[in-house]
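In: Below are the sequence and a predicted model for it; my questions follow.
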Amino acid sequence: MELYGVASSRTRRVLWALEEIGAEFTFHKVDLSKGEHRKPAYLAINPNGKVPAFVDGDITLFESGAVCNYLALKYPNARLLPEPGSRDAALCQQWIFWVISELEQPLWSMAKHRFVLPEARRIPAMLELAAYEWQHPSSILAEHLAGRDYMVGNAFTLADIFVAHTLNWARGAKVALPGAAAEDYLERMLARPAFERTMNY
Ligand SMILES: N[C@@H](CCC(=O)N[C@@H](CS)C(=O)NCC(=O)O)C(=O)O
């Protein structure tokens with residue numbers, strides 16, 4: 001299996017899943033600062049020009065959610081997804097989709113208008129709007145995490161990888177986390193040995 005990306009990006013979600021599984025893979029660093037993600041060789045793997053991208057034999061995937069789901073299904077013994085067809089399995093997918101479509105979007109807006117977009121395209125007012133848009137999904141998370149060890153049921157799942165990665169992204173972007181339960185949860189998730197190993201890439 002081949003993973004393309006850079007650890008300080010959504011690629012870390014896939015690295016984290018791979019480390020939880022203990023699967024062997026080759027990591028190909030894509031240097032965004034050198035524009036390697038927009039070169040033809042990389043665009044042939046991911047036409048979006050974004051990281052991560054992933055190849056396993058004749059399967060080529062982009063989208064961190066799709067890659068992590070593929071890995072969790074390929075390696076069921078790692079139990080990164082609840083029992084297929086169960087209530088918890090449905091909730092796990094709900095939270096993964098929610099992270100991608102709701103929780104992370106304000107953070108991505110901030111990143112785009114701070115450093116991703118060409119300077120002439122950045123709109124400073126977007127930063128304030130994004131901070132406002134962060135408040136509602138993050139308050140949902142604060143309520144959900146109160147008194148809970150994991151996002152779904154009583155076990156670590158892909159939903160925790162997606163939520164914890166995104167909370168850590170917020171922390172790195174100096175965006176306030178939604179309260180003590182979220183802070184404690186994030187510390188517990190980041191203390192997992194598999195997460196710590198992602199720091200080696
Ligand atoms: N929905 C995609 C988002 C991928 C994405 O936007 N990746 C960012 C890094 S975290 C990227 O490649 N940015 C480079 C750019 O937009 O030029 C996923 O989850 O894989």
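Out: Yes, it's here.
In: Can you name the residues bridging to residue 56?
Out: As for beta bridges, residue 56 partners with residue 59 under DSSP bridges.
In: I'd assumed residue 3 was in contact with it.
Out: No. Using C-beta atoms under 8 Å, residue 56 is not in contact with residue 3, being 9.6 Å away. In short, each C-beta sits where N, CA and C put it, glycine included.
In: quick one: which of the two has more around it?
Out: residue 3 (24 against 16; other C-beta atoms under 10 Å).
In: residues contacting the more buried one?
Out: Each residue near residue 3 by C-beta atoms under 8 Å, 6 or more residues apart in numbering is listed here: 11, 14-15, 18, 25-28, 52-54, 67.
In: just those residues now: which is nearest the ligand?
Out: Lowest distance from the ligand to the contacts of residue 3 (C-beta to the nearest ligand atom) belongs to residue 52, with 5.7 Å.
In: what sits against the closest one?
Out: 3-5, 9-11, 13-14, 62, 64, 67.
In: 10 Å instead, please
Out: Residues near residue 52 by C-beta atoms under 10 Å, 6 or more residues apart in numbering: 3-7, 9-15, 27, 30, 46, 61-64, 67-68.
In: In strands, which of these appear?
Out: The strands, defined by DSSP state E, take in 3-5, 27, 61-62 from the contacts of residue 52.
In: What residue spans form the domains of the protein?
Out: By the assignment in automatic domain parsing, the chain contains the domains 2-79, 87-198.
In: Just put those domains in JSON lines and tack on mean pLDDT.
Out: What follows is these, written out as JSON lines (pLDDT from 0 to 100):
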{"stretch": "domain 2-79", "mean pLDDT": "98"}
{"stretch": "domain 87-198", "mean pLDDT": "97"}
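In: can I get those domains in a markdown table with distance to the ligand?
Out: Compiled in a markdown table, the domains of the chain are given as follows (distance: least, C-beta to the nearest ligand atom, whole Å):
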| stretch | distance to the ligand |
| --- | --- |
| domain 2-79 | 3 |
| domain 87-198 | 5 |
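In: Return the subset of the contacts of residue 3 lying in helices.
Out: Among those, the subset assigned to helices under DSSP state H consists of 14-15, 18, 67.
In: Against which helices or strands is the longest helix seen in the chain packed?
Out: Criterion DSSP H: the longest helix present in the chain is helix 125-145. Packed against helix 125-145 by the contact rule (3 or more C-beta pairs under 10 Å, 6 or more residues apart in numbering; DSSP states H and E) you find helix 87-98, helix 104-111, helix 158-172, helix 180-190.
In: Can I get it in PDB? Just the C-alpha atoms.
Out: Written as PDB, here are the backbone C-alpha positions of helix 125-145 (Å, rounded to 0.1, in the frame of the first residue of the first chain):
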ATOM      1  CA  ALA A 125     -13.400  39.100   6.500                       C
ATOM      2  CA  MET A 126     -13.600  35.300   5.900                       C
ATOM      3  CA  LEU A 127     -11.600  34.700   9.100                       C
ATOM      4  CA  GLU A 128     -14.200  36.300  11.300                       C
ATOM      5  CA  LEU A 129     -17.000  34.500   9.500                       C
ATOM      6  CA  ALA A 130     -15.200  31.200   9.800                       C
ATOM      7  CA  ALA A 131     -14.700  31.800  13.600                       C
ATOM      8  CA  TYR A 132     -18.500  32.400  13.800                       C
ATOM      9  CA  GLU A 133     -19.200  29.200  11.800                       C
ATOM     10  CA  TRP A 134     -17.000  27.100  14.100                       C
ATOM     11  CA  GLN A 135     -19.100  27.900  17.100                       C
ATOM     12  CA  HIS A 136     -22.200  25.800  16.300                       C
ATOM     13  CA  PRO A 137     -20.600  22.500  15.300                       C
ATOM     14  CA  SER A 138     -18.100  22.800  18.100                       C
ATOM     15  CA  SER A 139     -20.900  23.400  20.600                       C
ATOM     16  CA  ILE A 140     -22.600  20.200  19.400                       C
ATOM     17  CA  LEU A 141     -19.300  18.400  20.000                       C
ATOM     18  CA  ALA A 142     -19.000  19.900  23.500                       C
ATOM     19  CA  GLU A 143     -22.400  18.500  24.400                       C
ATOM     20  CA  HIS A 144     -21.800  15.100  22.800                       C
ATOM     21  CA  LEU A 145     -18.400  14.600  24.500                       C
END
